[in-house]
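> Sharing a sequence plus its predicted fold:
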Amino acid sequence: MSEEIICKIVNVTKTFPGVVALNNVSFDIKKGEIHAIIGENGAGKSTLMNILSGVYHPDEGYIEFEGNIVKFRDPRHAQHTGIAMIHQELSLSRYMSVAENIYQGRMLTKSFGFIDRKKMVSECRKYLTSLGVDNIDPRVLVKYLSVSQMQLVEIAKAVSFNAKLLIMDEPTSSLTTGEISLLLNIMKSLRKDGVSILFITHKLEEVLEIADRITVLRDGNYIETLQKEDATLDKMVSLMVGRYFEKKAHREFIQDYSGREVVLEVQNINASNKVKNVSFQLYKGEVLGLTGLVGSGRTELLQSIFGMDKITSGKVLINGKEVKINQPADAIKLGLGMIAENRKEQGMLLKLSVQDNLTIVHLKELSSALQFINKKKSKEISNKYVNLLSIKTPSLKQISKNLSGGNQQKTIIARWLMHEPKILFMDEPTHGIDVG
């Protein structure tokens with residue numbers, strides 16, 4: 001790692017309606033280092049990365065890159081300057097090929113302006129090979145790739161811009177252990193080539209494994225930058241939450257299943273092309289773990305039971321009685337709840353308020369006989385769950401898209417806890433949620 005400074009964040013402040021997302025934040029990034037940014041949900045991590053990548057502009061302060069003060073017009077300007085970002089919610093176009101995604105907005109052309117697909121495929125393969133990736137065909141549509149492969153395509157796209165600073169926002173959140181190991185090795189290889197990496201993650205074990213320095217943000221404020229040798233898990237968490245943190249979580253596991261009621265039984269169900277002849281039982285009061293590699297059908301299994309995908313054969317029984325669930329509304333009536341993996345497309349209503357998102361499944365219970373919503377009751381129960389899950393929002397009327405990713409996730413969890421389902425499906429429920 002060089003001692004040369006490639007980027008300085010100087011007194012940066014950014015506000016949104018009712019929220020000071022960043023307050024006078026300053027620190028620097030060295031050339032060829034992996035610099036981790038950690039903090040609780042709502043600490044300002046993603047906002048800072050969006051400023052560095054040209055999505056937002058700072059209200060106060062400035063960014064200095066390679067010795068020059070820069071004011072990015074948009075993300076494309078930042079990319080051409082040498083800063084690329086891989087967002088927490090991947091931004092690839094699913095119905096375009098890998099090569100087309102890498103060259104999106106700057107397609108290689110032959111004479112007379114015709115797209116040179118052969119050269120694009122060749123160059124794309126070169127970028128993938130430079131990352132040690134040989135299992136992705138540049139010609140295949142992105143929709144057929146796994147999440148980890150999409151992540152690698154995003155990195156190859158950044159490499160194609162000759163990025164000197166690569167920003168990675170929660171890159172390992174949906175990856176398996178083996179895929180995480182591959183990604184961390186690629187990050188180490190990029191560091192060796194002199195690329196600086198800003199690494200945002202809630203997985204502090206990964207921070208200890210790979211980061212050269214660690215900057216802590218809390219409530220939009222810069223707290224401290226730790227050298228790798230000075231960082232411990234307890235110290236990082238304590239700086240994040242602003243108090244001494246001690247692990248106290250304790251779980252009592254079921255030891256005796258005799259006489260325990262089966263609340264959900266799945267018999268030989270088939271759905272889509274990934275769920276094949278699956279059977280299991282879920283007991284009352286039990287936490288049943290469902291695991292497997294990315295692409296193994298875990299998500300599709302839950303979605304088919306919940307009525308989001310069609311079951312082609314097999315049976316679903318609730319409390320011993322066979323049920324037909326054709327749509328999510330049927331599942332909700334039967335006492336099921338679903339925290340979906342993809343909150344952006346299947347969870348949050350981003351243009352609605354926090355209160356609307358919290359109560360949307362619970363409207364019947366909040367309405368009078370004439371179907372008018374009891375606004376007082378709605379506000380009271382919304383406040384209860386905002387406090388219960390420590391959702392950081394200036395008010396219940398805040399538009400949900402202005403919340404951090406972690407606070408959006410907690411809003412979805414609160415929505416289903418409010419509705420008190422008898423059976424709750426949780427697909428990657430801790431996605432983006434901090435250790436506190």
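Sure, I can see it. Residues are numbered from 1 along each chain as shown.
> Just the pLDDT for E89.
E89 carries a pLDDT value of 64.
> Please apply the same query to S382.
At S382, pLDDT is 93.
> Which of the helices or strands spans it?
Here S382 is covered by helix 375-388, with elements defined by DSSP states H and E.
> Contacts for that helix next, please.
V354, Q355, L358, T359, H362, L366, I391, T393, L396, A414, L417, M418 (Cβ atoms under 8 Å, 6 or more residues apart in numbering). Glycine gets a C-beta too; all of them are placed from N, C-alpha and C.
> roughly how far is the helix or strand that contains V266 from the heart of the chain?
Secondary structure from DSSP H and E places V266 in strand 262-271. Centre-to-centre, strand 262-271 and its host chain are 29 Å apart (Cα atoms, centre = their mean, to the nearest Å).
> and for stretch 339-349, what are the contacting residues?
Contacts of stretch 339-349 (Cβ under 8 Å, 6+ apart): 89, 174, 299, 303, 308, 350, 356-357, 360, 400-401, 405, 408-409, 411-413, 416, 424-429, 431.
> Between the two ends of it, how far is it?
13 Å (Cα to Cα, to the nearest Å).
> buried stuff in that stretch?
I339, A340, E341, R343, Q346, G347, M348 (16 or more other Cβ atoms under 10 Å).
> ok, R94 - how many residues close by?
12 (other Cβ atoms under 10 Å).
> For R415, grab the count of nearby residues.
By other Cβ under 10 Å, the residues close to R415 number 21.
> Assign it to helix, strand or coil.
Three-state call for R415 (DSSP: H, G, I helix; E, B strand; the rest coil): helix.
> contacting residues for it?
N357, L358, T359, I360, V361, H362.
> if we can go back for a sec, tell me the helix or strand right after the strand holding V266.
Following strand 262-271 toward the C-terminus (DSSP H and E): strand 275-283.
> Pass me the low-pLDDT residue ranges in the stretch 201-350 of the chain, would you?
245-250, 293-295 (pLDDT under 70).
> Please, where are all the strands along it?
Listed in chain order, the strands of the stretch 201-350 of the chain (DSSP state E, counting those that start in this stretch) span 213-218, 221-227, 262-271, 275-283, 311-318, 321-323, 336-339.
> could you dump the first one to PDB, C-alpha only?
Read that as strand 213-218. What follows is strand 213-218, C-alpha atoms only, in PDB (Å, rounded to 0.1, in the frame of the first residue of the first chain):
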ATOM      1  CA  ARG A 213      -7.700   1.000   7.300                       C
ATOM      2  CA  ILE A 214     -11.200   1.300   8.700                       C
ATOM      3  CA  THR A 215     -13.300   4.600   9.000                       C
ATOM      4  CA  VAL A 216     -16.200   4.700  11.400                       C
ATOM      5  CA  LEU A 217     -19.300   6.900  10.800                       C
ATOM      6  CA  ARG A 218     -22.100   7.400  13.300                       C
END
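> Name the SS class of the nearest residue to K143 once chain neighbours are set aside, please.
Spatial nearest neighbour of K143, excluding adjacent residues (Cβ to Cβ, 6 or more residues apart in numbering): R94 at 4.0 Å. Classification of R94 by three-state DSSP places it in coil.
> List the contacts of R94.
L141, V142, K143.
> Check I37 too.
K45, L48, M49, L198, F199, I200, I214, T215, L217.
> Mind doing that once more with 7 Å?
With contacts defined as Cβ atoms under 7 Å, 6 or more residues apart in numbering, the neighbours of I37 are K45, L198, I200, T215, L217.
> Pairing partners for the one helix or strand it maps to, with directions?
Assigning secondary structure by DSSP H and E places I37 in strand 34-38. With DSSP bridges as the test, strand 34-38 is paired with strand 196-200 (parallel), strand 213-218 (parallel).
> Any chance you could give me it in CSV, C-alpha atoms only?
Extracted C-alpha coordinates of strand 34-38, given in CSV (Å, rounded to 0.1, in the frame of the first residue of the first chain):
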residue,chain,number,x,y,z
ILE,A,34,-8.7,-1.3,0.8
HIS,A,35,-10.4,1.2,3.0
ALA,A,36,-13.5,-0.1,4.9
ILE,A,37,-16.4,2.3,5.9
ILE,A,38,-18.5,1.0,8.7
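> how big is the angle separating it from strand 221-227?
Orientation check (axes from the mean of the first three to the mean of the last three Cα atoms, to 10 degrees): strand 34-38 against strand 221-227 gives 140 degrees.
> After strand 34-38, heading C-terminal, what element do we hit next?
Downstream of strand 34-38, the next assigned helix or strand under DSSP H and E is helix 45-52.
> and the closest residue to G320 other than its chain neighbours, how many neighbours?
In this structure, G320 finds its nearest non-sequential neighbour in V262, 7.1 Å apart by Cβ to Cβ, 6+ apart. V262 is flanked by 15 other residues according to other Cβ under 10 Å.
> other SSEs contacting the helix or strand hosting M120?
M120 is located in helix 117-130, with elements delineated by DSSP H and E. On a contact count with 3 or more Cβ pairs under 7 Å, 6 or more residues apart in numbering; DSSP states H and E, helix 117-130 meets helix 98-102, helix 147-160.
> neighbouring contacts of the shortest one?
What it means is helix 98-102. 92-93, 120-121, 124, 127, 136, 138-140, 142, 153, 156-157, 160.
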